[in-house]
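*Asks:* Turn this into a model:
(chains A, B and C)
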Amino acid sequence: MFEIRIHSRGGQGGVTAARLLAMAALHDGKYATACPFYGAERRGAPVVSFVRIDDHPIKVYSQIRDPDLVVVLDASVMETVDVLHGLKKGGRVLINSAHRPEFAGYTTFNVDLTGIALKEKLVVAGSPILNTPVLGALAKMGIVSVDSAKTAIREMFTDERNVKAAEATYVEMSA
Amino acid sequence: MFCQELVIIAEIPKEEYIEKCTSACAGCSSSLTLRYVLKAAGHDSVLVVPACCTSVIQGAYPNTAMNVPVYNVAFASAAACASGMSEAFLEMGKKTHVIVYAGDGGTLDIGIQSMSGAFERGTDFLYICYDNEAYGNTGMQRSGATPLGAKTTTTPTGKTVEKKDIDAIVAAHHLEYMATACSAYPQDIYKKVTKALTFRGPTFIHILAPCPPGWRYPTEKTIEMGKLAVKSGMWVLYEREHGKLTISAPSKAAMKKPLPLEDYLAPQGRFKGIDAKSLEILKQHLAANLKKLTAEEAQP
Amino acid sequence: MKKIATGNKAVAEAVKQAWPRVVAAYPITPQTEIVETIADYVTSGQMKSRYIPVESEHSAMAACIGASITGVRTFTATSAHGLLYMHEMTNWAAGARLPIVMVNVNRSLGPGWNIWAEHTDAMQERDTGWLQVYVSTVQEAYDTTLMAFRIAEHNDVLLPVMVNLDGFSLSHIMQPLDTVEPGDFIPPIHLPHAIDTKNPTGYGGLTMPDQHFLFRWDIERSMRDAGRVIAATEKDFARRFGRSYGPTENYRCEDADVILIAMGTFGKEAEVAIDILRKEGIKAGSMRLRWFRPFPKLDLAGKEVVVIDRDYSFGYGGIVAGEIKAKNHCEVYSVIAGLGGQEVTYDDMAEFVRTRRMGGEFWFGVTGNV
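*Replies:* So this is what the prediction gives:
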């Protein structure tokens, strides 16, 4: 079972990203579950969502304790949250950032999702949309296939800019 | 006036929807009221009855004195139950009348929330509150409808606060039709129920129903008590249609020269020994109410 | 069609397909998504029904009662305090023999305010005459909601059915969902005692001591028949749509010496714990209790049984453990875990089994408990 923890802030689309990822995995012929952790958080507060992907039906409901991959949609949460907590030895970190931080013992990936969203004019109520571009990054990392990622995005959104942003991310990110 | 009443009496159907086998107390005016309510409503009607005297009056299983379906339901829930029933009938394309027949406890007190909700949602039903000004079914405890100074088993020295103005509360829901009535005026009840049932949406009739054991007067005086309530001005009959108030004929006549309030209170054991201060407040409020209603009616 | 849905959305989808003509409901976390979705179906014309936005849960159940007695299919959903607020009316619905279907999203009760999963809310409805089923996946929530209408409305049952989903852990999780075309799986409703103004009848009036108990016995008789109707319904569902359930879901129980029993999502995650224990050489199996009313006959004779209760009866013990002890000749170790959304993992569950003290009670996470 492959376990992913997504860190974001309330309202940034972490839950939707988890849902899209699970849908994409389903299109890859896998089993997947996505679950936000519902706390008492409000808009702007750090939140986490979980995604599990497996070849077999998933029976686990408890929170992910030792993820294989941590996705950080908003690097500023790292000031208050230990995003590496429980990350498996040799696990991967994907950060929305123009710069690549170094985490000893882990493989780090970075891509400027915010910049891509702004470039693709993927902005709602003044905030760049990160949940569709990030699918491009996850596809580049081989978590889901590019085709499934696009299908999942199209199932949820009619605006093609979402797909374009995911494609742009796929191209821009160095795996 | 006399001729008009004759016409209405002739109009009232002979069909009976309450058989002469109820378990009502002797001199019960609420069952008399219900007789005329049902004559106006006709056979394609369902009564929704929360806990109240009517729960008992209709008779015990497997018998019933009623010739329309009666749906008995928990105390606080009559209007909500009627909501569901009314929506279901509409969904099925049926024109069946849904009528809540609830006491003052089920209306002013425990049932006020569900009634308010049903009114606010625009439920197509008629809500009738028959008001004997106390919890009659449990042996006369005070209710929100008990008047100031009246003795009940839970206000043994007389109630120290006033009757809740449920009509003002209902009026705030802006129903297309609401009215007051009194068991001593069956033609008036018949007329108002018939009219209420012509409206789509919620309608409300508040009917004063004197209660011999509760008010402590001889059973044969049950009509007289209702008449005295109206003639003294303590109870005013009116209709409010699309917000426009019309005082009904019996009250209009009474308001020209109301009988002294004491004429109404004196025959009732529940007001025996009422203190002078309470009596004065009752009188003041009676006068103020008549003035208010007269002024409202005079508005264009 | 395969898709991803939350437990709440799956319920709403099943309700749309079962097509109750009247839905009366009041929002409450974590159930709100169900009623919002249904209200949207009704408003957009996808579901030609009447949605009554009542002012309370007491009124939600009262409105369902009023609608149901006219002979139409009815539905509501609630959770926790909402369920308790309608408690008077849930009794009325069962006593009036109305096949109302309700989805209850299990949540704890205040104080303090806690919106996470716990089964105490539904357990407090245990003796009302409602059938109760606890589901563990989004798919099962959908399938069971469809089946609930057929079971409730079966004329050998005519009792309301409550489908229970764990708050958040199932109501909000996104899992694959395969929807079906129910076709004639749910036959048209026929309520034999529906209101008929041409044949006026009294309902629920005064019933004297020489009669009342007969109505209560009649509920019990139907509750006993319900087991058969449930089995037949599930069998037909499996035949048509290929998914079968049962009163319990048993996992590696055949040769097990110790059985781990839980309801809802814990009951599913318990299977992971069983695999761990089996690898250690412990002959363990799990039994997920699905139907709670009518309470199924369990084959537990001679077994050691570890029961996880996500509920409690103060001054008595875990409610499920108590029921199992009362109905079976077996030794029980009672674990109280998961109250108010307390995190319980498959590792924790495996540990409950390893460290079992038969006949004892253990409150998970409470330090110094005996």
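*Asks:* Residue A:51 in helix, strand or coil?
*Replies:* strand (DSSP: H, G, I helix; E, B strand; the rest coil).
*Asks:* What ranges does the chain have for its helices?
*Replies:* No chain in the question, so chain A it is. A:14-27, A:113-119, A:133-140, A:146-156, A:161-172 (DSSP state H).
*Asks:* wrong one, I was asking about chain B
*Replies:* B:2-11, B:29-41, B:53-57, B:78-91, B:104, B:112-120, B:166-171, B:186-196, B:212-215, B:222-231, B:249-256, B:261-265, B:276-298.
*Asks:* residues from chain C in reach of chain A?
*Replies:* Applying C-beta under 8 Å from any C-beta of the partner chain, we find that chain C lies next to chain A at C:2-4, C:30, C:115-116, C:166, C:168-170, C:172-176, C:265-266, C:268-269, C:271-272, C:343-346. (Glycine included, C-beta is placed from N, CA and C.)
*Asks:* Filter the residues you listed down to the ones in strands?
*Replies:* C:2, C:3, C:4, C:166, C:174, C:175, C:176 (DSSP state E).
*Asks:* got the contact list for the third one?
*Replies:* Right, residue C:4. Residues in contact with residue C:4, defined by C-beta atoms under 8 Å, 6 or more residues apart in numbering or on different chains, are A:19, A:22, A:23, A:26, A:32, A:34, C:174, C:175, C:176, C:177.
*Asks:* For the closest residue to chain C within the stretch 151-300 of chain B, what are phi and psi?
*Replies:* Chain C sits closest to residue B:173 of the stretch 151-300 of chain B, with a gap of 12.3 Å, by C-beta to the nearest C-beta. In terms of degrees, to the nearest 10, the main-chain angles of residue B:173 are phi -90, psi 0.
*Asks:* Find the nearest non-adjacent residue to it, please.
*Replies:* Excluding its sequence neighbours, the residue lying closest to residue B:173 (C-beta to C-beta, 6 or more residues apart in numbering or on different chains) is residue B:119, at 4.1 Å.
*Asks:* what sits against residue C:181?
*Replies:* Residues near residue C:181 by C-beta under 8 Å, 6+ apart: residue C:17.
*Asks:* ok so, going back, would you write a PyMOL line that selects the buried entries of the residues of chain C next to chain A?
*Replies:* Of the residues of chain C next to chain A, the buried ones go into a single PyMOL selection, burial set by 16 or more other C-beta atoms under 10 Å in any protein chain shown:
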select buried, chain C and resi 3+4+30+115+116+166+168+169+170+172+173+174+175+176+265+266+268+269+271+272+343+344+345+346
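*Asks:* Tell me which residues touch residue C:151, please.
*Replies:* Per C-beta under 8 Å, 6+ apart, neighbours of residue C:151: C:131, C:157, C:161, C:226, C:229, C:230, C:233.
*Asks:* Separate out the buried members of the residues you listed.
*Replies:* C:131, C:157, C:161, C:226, C:229, C:230, C:233.
*Asks:* wait, which of those is closest to chain B?
*Replies:* Using C-beta to the nearest C-beta as the measure, the one of those that approaches chain B most closely is residue C:161, at 17.7 Å.
*Asks:* pretty sure the closest one is touching residue C:99, no?
*Replies:* Yes: here residue C:161 reaches residue C:99: they are 7.4 Å apart, a contact under C-beta atoms under 8 Å.
*Asks:* Find residues that contact each of those two.
*Replies:* C:149, C:152.
*Asks:* What residues does the residue of chain B most remote from its centre make contact with?
*Replies:* Distance from the centre of chain B peaks at residue B:92, with 30.4 Å (C-alpha atoms, centre = their mean). With contact set as C-beta under 8 Å, 6+ apart, residue B:92 has these partners: C:21, C:70, C:72.
*Asks:* Could you find the closest non-adjacent residue to the first one?
*Replies:* For residue C:21, the nearest residue in space outside its immediate sequence neighbours is residue C:72; the separation is 4.1 Å by C-beta to C-beta, 6+ apart.
*Asks:* from what I can see the one you found touches residue B:90, true?
*Replies:* No: applying C-beta under 8 Å, one finds residue C:72 not in contact with residue B:90, separated by 10.7 Å.
*Asks:* Low-confidence ranges, the stretch 151-300 of chain B, go.
*Replies:* Within the stretch 151-300 of chain B, no range satisfies pLDDT under 70.
*Asks:* What count of nearby residues applies to the residue of the stretch 151-300 of chain B closest to chain C?
*Replies:* Neighbour count of residue B:173, defined by other C-beta atoms under 10 Å in any protein chain shown: 15.
*Asks:* That'll do, ta.
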